[in-house]
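Chemist: have a look; sequence and predicted model below, questions after that.
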Amino acid sequence: MRILVVEDEQKMGDYVRKGLSENGFQVDLARDGLQGRAMALAGDYDIVLLDVMLPGIDGFAVLAGVRAVKTMPVLMLTAKDEIDDRVRGLQAGADDYLLKPFAFSELLARLHALLRRGKLQETTQYQLAGLQLNLVARRAARDGVRLDLTAKEFALLTLLMRRTGQVLSRTMLAEQVWGMNFDSETNVVEVAIRRLRSKMDDPFESRLLHTVRGMGYVLEDRSA
């Protein structure tokens, strides 16, 4: 099992990483919110252990980025007296929370419970017209033809499919898919959109991925 720990307190992060490694987990450690979001979006993790208070961006912003494109379980770490943080985290899509300070045995128990629950729920599929997306198999197809997508193209399509009918700005796409602050000099979004279109739209009769001038991009079926 591979786990991402996002924790800026050095002693706490090292302690958790050591303990989880000794219990058979493969552990990656991020020391701030920006790094944590980028690693969560780019990596293939079974679960994320996420602190609320982080430099760069806080745990809620990291959680929003993860939930935009991925379904993996997220366990948030919150301060003992911050009830609002726990409520906010659960409402934003966290699967569970653990109060600091905590016993390592409780952390392990909660992680294993979330992993068991995740295996039962990990059947998410999306469909729009003839476009199909299976997050578990990491497979995309249109009209029965499999789409050969890169990891970033798959993440981009996942975000667009989850937000079908919503216009997503270049800034949001850059932040959520690439984990980067938007730079007007960077054309990474446009390039990725063009490549995705060449695979999922160009070979077929109707277009699903549309440009909304001055606003961004939207995935929707306009043929009806």
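Modeler: Arrived safely, thanks for sending.
Chemist: which residues does the longest helix along the chain contact?
Modeler: Counting residues, the longest helix in the chain under DSSP state H turns out to be helix 104-121. With C-beta atoms under 8 Å, 6 or more residues apart in numbering as the test, helix 104-121 has contacts from 1, 3, 16, 19-20, 23, 46-47, 49, 71-73, 75, 95-96, 98. In this view, the C-beta of every residue, glycine as well, is placed from N, C-alpha and C.
Chemist: what ranges does this structure have for its helices?
Modeler: 10-22, 33-42, 59-69, 83-91, 104-121, 151-162, 170-178, 188-200.
Chemist: please name the nearest non-neighbouring residue to the one residue sitting closest to the centre of the chain.
Modeler: Closest residue to the average C-alpha location of the chain: residue 66 at 2.5 Å, with C-alpha atoms, centre = their mean. With sequence-adjacent residues excluded and distances taken as C-beta to C-beta, 6 or more residues apart in numbering, residue 66 is closest to residue 40, at 5.0 Å.
Chemist: so who does the one you found touch?
Modeler: Residues counted as contacts of residue 40 (C-beta under 8 Å, 6+ apart) are 4, 6, 48, 62, 65, 66, 70.
Chemist: from residue 64, how far out is the first one?
Modeler: What that stands for is residue 4. Using C-beta to C-beta, to the nearest Å, we find residue 4 at a distance of 16 Å from residue 64.
Chemist: between the two, which has more neighbouring residues?
Modeler: A side-by-side neighbour count of residue 4 and residue 64, using other C-beta atoms under 10 Å, places residue 4 first with 24 against 15.
Chemist: residues in contact with that one?
Modeler: 27, 28, 29, 30, 36, 39, 40, 43, 45, 47, 48, 49.
Chemist: how about 10 Å then?
Modeler: For residue 4, the contacting residues are 26-30, 36, 39-40, 43-50, 62, 66, 72, 74, by C-beta atoms under 10 Å, 6 or more residues apart in numbering.
Chemist: now those residues: which count as buried?
Modeler: Using 16 or more other C-beta atoms under 10 Å as the burial test, the contacts of residue 4 include 27-30, 36, 39-40, 45-50, 62, 66, 72, 74 as buried.
Chemist: domain ranges for this protein, per the record?
Modeler: 2-121, 125-219 (automatic domain parsing).
Chemist: run the chain-centre distance for the first one.
Modeler: Between the centre of domain 2-121 and the centre of its host chain there is 12 Å, according to C-alpha atoms, centre = their mean, to the nearest Å.
Chemist: any idea of the pLDDT on the closest residue to residue 210 other than its chain neighbours?
Modeler: Nearest non-adjacent residue to residue 210, counting by C-beta to C-beta, 6+ apart: residue 218, 5.3 Å away. Looking at residue 218, its pLDDT reads 95.
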